[in-house]
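In: quick one, fold the following:
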Amino acid sequence: MRKFMISSAAIAALAVANPVSASGGGGGGGGGGFPSDSAPQYDPVAEYTKGIAALQAQDFKAAKIAFDHVLASAPRDANTNFLAGMAREGLNDWKGARKFFEKATKIDPNMTNAWRELGVSYVKIGDRPNAEATLAALQAKATACATTCPTAGEIKSAIDAISAAMAAAPAASLAPSQSLLFASAAKGDALYLDAVGLINEHRYEDAIAALKSAQASFGPHPDILTYLGFANRKLKRFDVAESYYLAALAVAPNHRGATEYYGELMVERGDLAGARLKLALLDAQCQFGCAEAEELRRWIAAGHSPHS
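Out: Now for the predicted structure:
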């Protein structure tokens, strides 16, 4: 299995699907195309890193802009939706923040920090019934897992924050999630490497947990999304795997690993025609051949994994 390595030193250069650029034309903007063709394009991984730095500097307006750029390419990234909400929270735009926290919890129902800030945002906009419902749900979760859940501490913190906000102690609700806002690239690299090792050991559930934690450092990085798809595919969660491959290719359309693995998923589903289309894309990218194209070719020829 090939490894798609992340280096913290190269984070701004990795997966550059669309670097910031604007096409130039003649005088009067006569570039010969539509305005949308020359609009700035953003690398979501670099923008995510920029957004984290802006939050650390409490430059909430810059953070909002950066995370909005990320969401243009990766609208279903739970971390980015959460952080986009945190940026708006810093700007005291509680209604705007609530929308992003709601979306984050829908995408990842286990994101405790998003539930925490969602509950607080309900209080801030005067929606006490929903605040109480959120608090009750967290209290039920705390009772169910007691101290045995890995997130027991986060759940308690969320309950305390919402309770404090409801008791008119807003200062207690404004502290952002340190684990998300200040996740370092070095920690993300370590988690990513751990995940690759876990995948090689066929410990797919543990790998998924590590990859999701790494996302806090890198956002919708196509390598991470590709491995999330791979691990879920190995667990026969084909629909989930497909969603991750599509997300990776939305960020980096020419990502060979995602293209190959998506093609393998199509073979597993019996969609050989779709797999051949993915192979054609790889052949077009790899004019002198590449491992991804040859592996997918073997899958198509066998009609299943050639290694089984």
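In: per-residue confidence averaged over stretch 64-84?
Out: Averaging pLDDT along stretch 64-84 gives 93.
In: how far does that stretch stretch from start to finish?
Out: 6 Å (C-alpha to C-alpha, to the nearest Å).
In: identify each buried residue in that stretch, please.
Out: Going by neighbour count (16 or more other C-beta atoms under 10 Å), the buried part of stretch 64-84 is 64-71, 73-74, 76-84. From N, CA and C alone the C-beta is placed, and that goes for glycine too.
In: what helices or strands is the host helix or strand of Arg276 leaning on?
Out: Under the criterion of DSSP states H and E, Arg276 resides in helix 272-285. On a contact count with 3 or more C-beta pairs under 8 Å, 6 or more residues apart in numbering; DSSP states H and E, helix 272-285 meets helix 256-268, helix 291-302.
In: OK, contacts around Gln215?
Out: Neighbour list for Gln215: Asp77, Asn79, His221, Ile224 [criterion: C-beta atoms under 8 Å, 6 or more residues apart in numbering].
In: swap that for Phe230, sorry
Out: Contacts of Phe230 (C-beta under 8 Å, 6+ apart): Ile199, Ala241, Tyr261.
In: how does it look with 7 Å?
Out: Ile199, Tyr261 (C-beta atoms under 7 Å, 6 or more residues apart in numbering).
In: what lies in contact with the helix holding Arg276?
Out: Contact partners of helix 272-285, identified using C-beta under 7 Å, 6+ apart, comprise 254, 256, 259-260, 262-263, 266-267, 290, 292-293, 296-297, 299-300.
In: confirm Ala158 sits in a helix?
Out: Yes: if the criterion is DSSP: H, G, I helix; E, B strand; the rest coil, then Ala158 is within a helix.
In: for it, give its distance to Tyr204.
Out: Going from Ala158 to Tyr204 by C-beta to C-beta, to the nearest Å gives 28 Å.
In: between these two, which has more neighbouring residues?
Out: Ala158 (27 against 18; other C-beta atoms under 10 Å).
In: is it correct that the more buried one is in contact with Leu138?
Out: Yes: counting by C-beta atoms under 7 Å, Ala158 touches Leu138, with 5.4 Å between them.
In: joint contacts of these two?
Out: Shared contacts of Ala158 and Leu138 (C-beta under 7 Å, 6+ apart): Trp115.
In: residue contacts, the closest residue to Met166 other than its chain neighbours?
Out: With sequence-adjacent residues excluded and distances taken as C-beta to C-beta, 6 or more residues apart in numbering, Met166 is closest to Val123, at 5.6 Å. With contacts defined as C-beta under 7 Å, 6+ apart, Val123 is in contact with Ala131, Ala165, Met166.
In: if we can go back for a sec, okay, and which of the buried residues of stretch 64-84 map to helices?
Out: Cross-referencing those against helices under DSSP state H gives 64-71, 73, 78-84.
In: and those, which two are furthest apart?
Out: Within these, two members stand farthest from each other by C-beta to C-beta: Ile65 and Ala78, at 19.7 Å.
In: how far away is Phe230 from Thr134?
Out: 34 Å.
In: how about Trp115?
Out: 6 Å.
In: with Phe288 instead?
Out: From Phe288 to Thr134 the distance is 55 Å (C-beta to C-beta).
In: more crowded one of these two?
Out: When Phe288 and Thr134 are compared for neighbours, Thr134 comes out ahead with 24 against 4, by other C-beta under 10 Å.
In: residues contacting that one?
Out: Trp115, Leu118, Gly119, Tyr122, Ile162.
In: so what's the third one up against?
Out: For Gly119, the set of contacting residues under the criterion of C-beta under 7 Å, 6+ apart consists of Ala131, Thr134, Leu135, Ile162.
In: keep only those of those residues that are in helices.
Out: Within those, residues falling in helices by DSSP H are Ala131, Thr134, Leu135, Ile162.
In: how many neighbouring residues does the first one have?
Out: For Ala131, the neighbour count with other C-beta under 10 Å is 22.
In: list the residues that contact it.
Out: Contacts of Ala131 (C-beta under 7 Å, 6+ apart): Gly119, Tyr122, Val123, Ile162, Met166.
In: let me know the closest of the contacts of Thr134 to Cys149.
Out: The shortest approach to Cys149 among the contacts of Thr134 belongs to Trp115, at 13.7 Å (C-beta to C-beta).
In: what pLDDT is listed against the closest one?
Out: At Trp115, the predicted lDDT confidence score is 94.
In: all set now, cheers.
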